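Q: Have a look at this prediction, sequence included:
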Amino acid sequence: MPSSRPARRGAAALAGVLLVSAAFSVSSSVQARELSVSTVLSDAFPWGQAAEKWAERVAERSGGDLTLRVYPNSQLVSGDQTREFSAMRSGLIDAAVGSTINWSPQVPELNLFSLPFFMPDVEAVDAVTGGAAGEMIFEAIASRGVVPLAWGENGFRQLSNSQGPIDEPADLEGLKIRVVGSPLFQDTFTALGANPTQMSWADAKPALTTGAVDGQENPLSVFDVARIDQVGQEHLTLWNYMNDPLVFAVNRQVWDSLSEEERTLLREAAEEAGAWEIAMTREEEPARLAAIKERGVTVTELDEAQHQAFVEATESVHDEWVPRIGEAIVEAARTDMQPD
């Protein structure tokens, strides 16, 4: 009778291979890590695309060992975008690509970018984010339990409404304007004679549809992609009254738990995604504006005198808010914006 010993040896060897394979699989799954990333807008918008690009770069560089799962539309904070920073700081959210506006209630220094008519153009914005003031703002974010990694951009915010062209402060008198949840926006539109109404983005479009508010302010990319002209916003004023940078950031405890290699990977991927999104946002603006005009929206562009009237009408906002933001940061930003 032939011996069964070789068969038993073969079976044992096969079992060993399977055991090692299973152990390797378990080890790999334990080592692989997924971080949650919050954004306010989906990847239909440049903002959401920035987060997706970050996730894409991280997955590529890590070979899948570290991945990011993007949760758009403020899903992780039940639609309340002003809670995003607090949720990230507390660890409910691992990471975010967030707006300086939405985080400003917890980080007052971020209101620098919302000072009306403070930064005249993208060159000024780049000088600030890439200068001493930008470093001071990142330090302010870091001091509150969140690690900032890179800048993105939502763009200069423009004003739309359903009532008529706006080319002077008096045209805003009594208009109900939807604003985000920063007191600075309340003060700015109050100074201009409007009636600012705070509401989340999730509530904004329904309010515009029903006429509960007369107007809103947002970058051209948001106006275009969300088709805000379809809810009665037939008048658009290009006034560049403030810029809305985005910040790529990670919860401090999550950051501390990563290896040095993972931190470098996460930061570099954020920087690449941010640079890519900023360039794309700016390059697409002329085409977006043309598309908006083609849809029948009346676009008002301010001349120098008209622009100056809005600047003067909001000077009191600067008087009130510069001390809250910090004189040192505001002065650093002014220095950053000075031509070489």
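A: Here it is on my side, so go on.

Q: How about A194, nearest residue that isn't a chain neighbour?
A: L172 (4.3 Å; Cβ to Cβ, 6 or more residues apart in numbering). Heads up, the C-betas are built off the backbone N, CA and C, glycines and all.

Q: Compute the distance between that neighbour and G215, please.
A: 8 Å (Cβ to Cβ, to the nearest Å).

Q: can you check T39 too?
A: Using Cβ to Cβ, T39 is found at 25 Å from G215.

Q: again with E284
A: Taken as Cβ to Cβ, the span from E284 to G215 is 23 Å.

Q: Which one of those two is surrounded by more residues?
A: The neighbour count for E284 versus G215, taken as other Cβ atoms under 10 Å, is higher for G215 (26 against 16).

Q: Which pLDDT value belongs to that one?
A: In this model, G215 is scored at 98, pLDDT.

Q: Same question for A12.
A: 46.

Q: quick check: longest strand of the chain.
A: Taking DSSP state E as the criterion, the chain has its longest strand at strand 146-161.

Q: So what's the gap between that strand and the chain middle?
A: 5 Å (Cα atoms, centre = their mean, to the nearest Å).

Q: ditto for stretch 293-301
A: When distances are taken as Cα atoms, centre = their mean, stretch 293-301 is centred 26 Å away from the chain's centroid.

Q: buried set for the lengthiest helix in the chain?
A: Counting by DSSP state H, the longest helix found in the chain is helix 260-294. By 16 or more other Cβ atoms under 10 Å, the buried positions in helix 260-294 come out as 262-263, 265-267, 269-274, 276-278, 281, 284-285, 288-289, 292.

Q: What segments of the chain are helices?
A: With DSSP H, the ranges of helices along the chain come out as 5-31, 46-62, 84-90, 100-103, 122-129, 132-142, 183-191, 201-210, 220-225, 252-257, 260-294, 304-313, 315-325, 327-337.

Q: Run a quick neighbour tally on R334.
A: Count around R334 with other Cβ under 10 Å applied: 13.

Q: repeat for the one 4 residues further on
A: Residue neighbour count, defined by other Cβ under 10 Å, stands at 8 for Q338.

Q: Repeat that for V297.
A: The criterion is other Cβ under 10 Å. On that basis, V297 has 18 neighbouring residues.

Q: Verify the contact between it and T237 for me.
A: No: the criterion here is Cβ atoms under 8 Å, and V297 misses it with T237 at 10.7 Å.

Q: how much space is there between A204 and Q198?
A: Distance, A204 to Q198, using Cβ to Cβ: 10 Å.

Q: Over to P105?
A: P105 is 11 Å from Q198, where distance means Cβ to Cβ.

Q: List the residues that are in contact with both of the two.
A: In terms of Cβ atoms under 8 Å, 6 or more residues apart in numbering, P105 and Q198 are both contacted by the residues G181.
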